[in-house]
Every structure is written in C-alpha cells, then in structure tokens.
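> 3D model of this:
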Amino acid sequence: MHSTGLLTCLLTVCLINQVSGSETVTGKHGDTVEIPCNKGRVMEGLVKWKYDNGNILVKRSGQNASISEDANYKNRVDIKEDFGLIIREVTMADQKTFTCMVSGEYDIFEYPVQLAIYKLPSQPQITNQTTAMAVGKLTKLAQCRTENANPAANITWFKNKTPLLSDGSAIKISTTVDVDKSTGLSSTKSDLEYTAMKEDIGANFTCQIQHIRSANMDSSPLTFTVNYPTEKVTLQVVPQGPFKEGDNVTLKCTADGNPPPSSYIFYMKGEKKAVENSNTYTLTNVTRESTGEYKCSLVDSEDMAASLPITVEYLDVDLVPTGLIFKGLGERFELTIDVMASGTPKTSWRKGNIKLDSLPKFDKLKYSDSGVYECVVSMSGLKKTRTFELIVQGSPVIKNLIKNRGVGSVNKVLTCEAEAFPKPTVQWSVNGTDVAESAYVDGKVTYSITIIPKVNLTVSCTVSNVFGSVNKSINVSPLIDDDLSVEKQDQKDDRGDQTSLAVGIVFGLILAVFAIALAYWLYTKKYRQGSWKTGEKENGSAEESKKLEENQSQKADV
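Below you'll find the model as predicted:
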C-alpha cells in the first residue's frame, strides 16, 4: 500500500510538473557560455542539469556539485551559486537543448534552454580568377569562398558597387554551402560567370560576405582585360603639321580593338609597306613631292583602313641682284624678286633698322640710297631672308657752304656739307683753327673750320675723291653782321634786281600820268580860246598865259 501510494505520488508530481517555456542562449564558437537556470531565479534546492542523451551534473544547495562522467563535459562544465551552467570552449556539438531540473519539497520543475552557437565567417577568398574576358562571350571570372561559419554566410557579387543578379544567360551566379561533418561549420562558395561588354573596360568586380553576426566583408576589387575585335582604324601624324621640306613625318596607325593589332600596312603614294610589331612608319626628309594621300590598314583585313592627306609646305625666294652692289650716282637700279610658295606668303623690307613699305625702287640713285637692304618672306612656319648691300659711288657734291659767328665776336665758323663715295677729303683755301669733320654716314660728311678774317675774303671749300673734285666759295667779311651763306648772298642779289624792276615800273607810270595831264591842258586851252567874247577884259588872259609859260618852262627843266 505504501508502495502504491508512493508511486501515485510520483505520478502526481510528474503530472503537476510545470515545464516553463524554452529560451535560447547564444554563444560564440570557442568561447565560454553561461546558461541560466530559470533566468537565475533559483536560489536553493536540488538542481540537475541534463541534455538529450545524458546528465551533466547535480548540485544541492550548500554542497559541491557532482559532475557526471560524460566525456563531452567532464572537464568543461561548472555551476554557479545561482545554479547557472557554465560551459567552456563551446563547439557546434554543444548546440542543443540543456534542461535545468529543480526539485523542490513537493514539486519538480524543468527549465529547458536552447544553446545556439555562432561562428564568424573567414575573409573572402578569391580563387580560379581569369585574366581576360571577351565581349559577347560568357566567361567564368572567379570563385569567391568563405569558410567555417555558423550559420552559413551569404555571398553577393558587385560590379562598380552595384549588385549583380543572375539571369541565367548573360550573368550566372552559382552558390553552394558545404558543412564539415567533424566541426559542423559551413563553407560557402560562389562562382561568377559574366558576359562582358566594351563598357566593362576598367570595371571593378567585388564579392561581399554577409553574415548575421558580423559586418559585411568585401574582397579586393577585381579587374579584367576586356577583349574585343577592331571596329575602327585611325591614322594620325606625329608631330602634327604644318610640315615643311626637310622635316621627318611619322605616320601612326591605331585600332580600337583589344588587344590591339601588332602589325599594320602603310600605303605611301602607290608604295605598300608592311610593318611588324609596330604601328608607326617615318617619312624622312620630306619634299614638296611628298604631298599626297596616305593610308594604313590591318594586315589581316585591308578593308579596315584609314587615310589622311599630307601637305608639305615650300617657299622659294629668288632676289636679283644680291650681295655687294656698286652703282654710280644718278644711275637707275632695278630689283627683281621671284617667290614660289605652296600658300600665300608675306613679304617685308627693311633698310638697316628702318622698315620700308614695299620693294625699293631707284630711278635715280642718290648717295642716301646706300645701305644694307633685307627682304623677309614668311609663310606657315617657313621663313626666307635675302639681303644685298648697295653702295652708290661717284664724285663729290657740296650740298651747302655756310658761315656762322664763332664764340668770339670776330671768329667765323665755315661749314662745308658734302656727299660722295668713297669718303672725300677736304681742302680749304685758308688756314684756320678747330678743323673738324663729322662721322661719315650714308655718304654724307661735314667739314668745319674756324677763321678770323681781317679783310674781306673769298674762301673756297674743295672736296675730292677718286672720281673727281668740286669746290665752292663764300665771301667772308670782318664785319660782325656779315654772316651770310652763299645762298643768302644770291638771295640778296635777287632782291636788288627786283627793286630796280619796281623802280622802273613806278617811273613809267609817272611819265604816263604827265602825258595825260599835258594832253588835257592843251585841249582845255583850245576850247577856252574859241569861247572868248568881244569886250571881255584881257587881264585874266594875260595872267593865265604867263602862268602857262612858267609851267612849261618848269617842265622843260625837269
């Protein structure tokens, strides 16, 4: 009876046993995990920890824990004062339900706890990476892999930070998860197959590891060579024009394919030249005959070609005459210049440092025409310079002979200005002081001498060179106000002649007036005599006759 009652009691206890709702504790793989019993609210009694297939330990309040002989936990478990279970170095094998059984005075309570173990995945690993992909062709680019994770990690592929989605044709992504039977950890791998376009040149591909317990991890960027066939050929010249005769011109042929062709064919005015392992061909020392159309093409496809025209600029200048030219004074001198050019040239002239407006013309050469002349013709980077030196030679010419008062009141400075080539010498007809000459420029020279005349003198300046001589004289007076040049004296003589002419004209006018007055008087006398009457007094007539006779007598004296 007693036994029956005890059994009934045990069954009753079992029936009234209240199993609380299961909770979950998460632990990191390899770390120490604490599993609470009834959330840490058990303070006394008999506590037993167990799992599905075995017991772990038993502890009564105030006593040491009794650890079972379970090989999985014998050296890895412990229990706290609040009856919480401590498990060290947890592994995936510890991912199970642990139950805390609490035996009170009348009841037995169970508190199950689910232990979940997580493991962070490894950094992304890139394997089976290719180096190039062809446009329009599905190519396996790489495999991305991460290992020893729990739960299994996810892998996503990106191109330029944009996720790639598998469409089964242009993009294929294959992902598999493998679980290690010994550790229970998962490895995830993902293969990317991709169909490239030309726009993918320089694109960055990455794979990203995503895990619930860690931040996302990105692989290093992957770049691939994108190969595509040539669609266009381009021909250019190096350096760029314009080109002139004597230049070297390099033709450069390029194709937009990848990899680019290694050989090309160049066509040069009917000549065909194949170049291997290079895309350039150099024309050396080009001439005007090199002007024309040039072309290049692919070796295996001559229809894939490009062309361009090349113009070689030229400039020829022929100036006649050139060099050192001697001409006589007063001669006519004519220049001819012939310019042949591929364009429109610009011509400029200079005489020394003076710019001339046009081609110089010399109808009658003067000494001042002597000098160095320069002709510059330029066009499109071309420049030609032609020069000649003109020397006008002949006997001297005295341009001027003047006198001026010197520093002293009685000094006279005579100046003789002359032109000639070669340079002339001077000879004065008198002796003097301060004899000097100016610089000889453009065939001109000035000589001067200072004298002190004591009487009226006629001084001559004689200028000579190998072609002849010339002299000119000037009158010099000791008077202070007699500072006249030869020209001034001539002007004075002219003014005297003009004065004489004016006096003659005035005298003639006076005679004409006198003749008119005389004629008028005679006419008046005759008229009055014819109008006298008988009985008039003759005293007046006698007086008038007397006055008339006196007037005639005075005129006769004149």
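> Could you use CA atoms for every contact and neighbour count after this?
Noted.
> longest strand of this structure?
In the chain, assigned by DSSP state E, the strand with the most residues is strand 382-405.
> how about the strands in the stretch 301-450 of the chain?
Under the criterion DSSP state E, counting those that start in this stretch, strands of the stretch 301-450 of the chain are mapped to 305-310, 312-313, 315-320, 323-328, 336-341, 346-351, 354-356, 371-379, 382-405, 412-421, 425-428, 433-437, 444-451.
> meant to ask about the stretch 101-250 of the chain, not that
In the stretch 101-250 of the chain, the segments counted as strands under DSSP E, counting those that start in this stretch are 108-118, 125-127, 132-134, 138-149, 154-159, 162-163, 171-179, 186-195, 205-211, 214-218, 225-227, 233-238, 243-244, 249-255.
> for those, which one sits closest to residue 301?
Nearest to residue 301, of all these, is strand 233-238, at 10.7 Å by C-alpha to C-alpha.
> elements contacting that closest one?
Packing partners of strand 233-238 (3 or more C-alpha pairs under 8 Å, 6 or more residues apart in numbering; DSSP states H and E): strand 249-255, strand 292-298, strand 305-310.
> Give the buried residues for that strand.
Judged by neighbour count (16 or more other C-alpha atoms under 10 Å), strand 233-238 contains these buried residues: 233, 234, 235, 236, 237.
> repeat for stretch 26-38
Neighbour-count burial for stretch 26-38 [16+ other C-alpha under 10 Å]: 27, 28, 29, 33, 34, 35, 36, 37, 38.
> Out of these, the closest to residue 455 would be?
Of all the buried residues of stretch 26-38, residue 455 sits closest to residue 28, with 140.5 Å by C-alpha to C-alpha.
> tell me the contacts of residue 477?
Residue 477 makes contact with 453, 454, 455, 456, 457, according to C-alpha atoms under 8 Å, 6 or more residues apart in numbering.
> In strands, which of those appear?
residue 457.
> how about a markdown table for the contacts of residue 477, with distance to residue 226 added?
As requested, those are arranged in a markdown table below (distance: C-alpha to C-alpha, whole Å):
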| residue | distance to residue 226 |
| --- | --- |
| 453 | 109 |
| 454 | 113 |
| 455 | 114 |
| 456 | 112 |
| 457 | 110 |
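> which regions of this structure lie under the pLDDT threshold?
Scanning the chain for pLDDT under 70 picks out the ranges 1-21, 408-409, 480-508, 519-558.
> Just give me the residue right at the centre of it.
residue 240 (15.3 Å; C-alpha atoms, centre = their mean).
> how much space between it and residue 118?
Residue 240 sits 68 Å away from residue 118, taking C-alpha to C-alpha, to the nearest Å as the criterion.
> Ok, residue 411 next?
Between residue 411 and residue 118 the computed distance is 129 Å (C-alpha to C-alpha).
> the more surrounded of these two?
Neighbours were counted for residue 411 and for residue 118 using other C-alpha atoms under 10 Å; residue 118 has more, 22 against 16.
> Contacts only, for that one.
By C-alpha under 8 Å, 6+ apart, residue 118 lies in contact with 26, 27, 28, 29, 149, 150, 151, 213.
> about what we covered before: can you convert the buried residues of strand 233-238 into CSV and add a column each for distance to residue 478?
Below are the buried residues of strand 233-238 laid out as CSV (distance: C-alpha to C-alpha, whole Å):
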residue, distance to residue 478
233, 99
234, 96
235, 93
236, 89
237, 86
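> Make TSV out of the helices and strands packed on strand 233-238 and add mean neighbour count.
Output for the helices and strands packed on strand 233-238, formatted as TSV (neighbours: other C-alpha atoms under 10 Å):
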stretch	mean neighbour count
strand 249-255	21
strand 292-298	21
strand 305-310	16
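> Kindly reformat these as CSV containing distance to residue 96.
Output for the helices and strands packed on strand 233-238, formatted as CSV (distance: least, C-alpha to C-alpha, whole Å):
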stretch, distance to residue 96
strand 249-255, 66
strand 292-298, 71
strand 305-310, 74
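> Quick one: closest of those to residue 447.
Nearest of the helices and strands packed on strand 233-238 (C-alpha to C-alpha): strand 249-255, 62.8 Å.
> What is the burial count for residue 58?
If you count neighbours by other C-alpha under 10 Å, residue 58 ends up with 20.
> Return the list of helices and strands in contact with the host helix or strand of it.
Assigned by DSSP states H and E, residue 58 falls within strand 54-60. Counting contacts by 3+ C-alpha pairs under 8 Å, 6+ apart, strand 54-60 packs against strand 46-51, strand 66-67.
> The first one vs strand 108-118, what angle?
Read that as strand 46-51. Going by axes from the mean of the first three to the mean of the last three C-alpha atoms, to 10 degrees, strand 46-51 is angled at 40 degrees with respect to strand 108-118.
> what's next to strand 46-51, contact-wise?
Contact with strand 46-51 is made by 55-61, 83, 85, 96-104, as judged by C-alpha under 8 Å, 6+ apart.
> Now that strand: buried residues?
Residues of strand 46-51 classed as buried by neighbour count (16+ other C-alpha under 10 Å): 46, 47, 48, 49, 50.
> Give the buried residues for stretch 60-71.
Residues of stretch 60-71 classed as buried under the neighbour-count rule (16+ other C-alpha under 10 Å) are 60, 65, 67, 68.
> What of stretch 87-101?
The neighbour-count check on stretch 87-101 (16+ other C-alpha under 10 Å) flags 87, 88, 90, 91, 92, 94, 95, 97, 98, 99, 100, 101 as buried.
> looking at it, residue 144 is touching residue 127, isn't it?
Yes - judged on C-alpha atoms under 8 Å, residue 144 makes contact with residue 127 at a distance of 6.5 Å.
> Who has more neighbours out of the two?
A count of neighbours by other C-alpha under 10 Å puts residue 144 above the other of residue 144 and residue 127, at 25 against 13.
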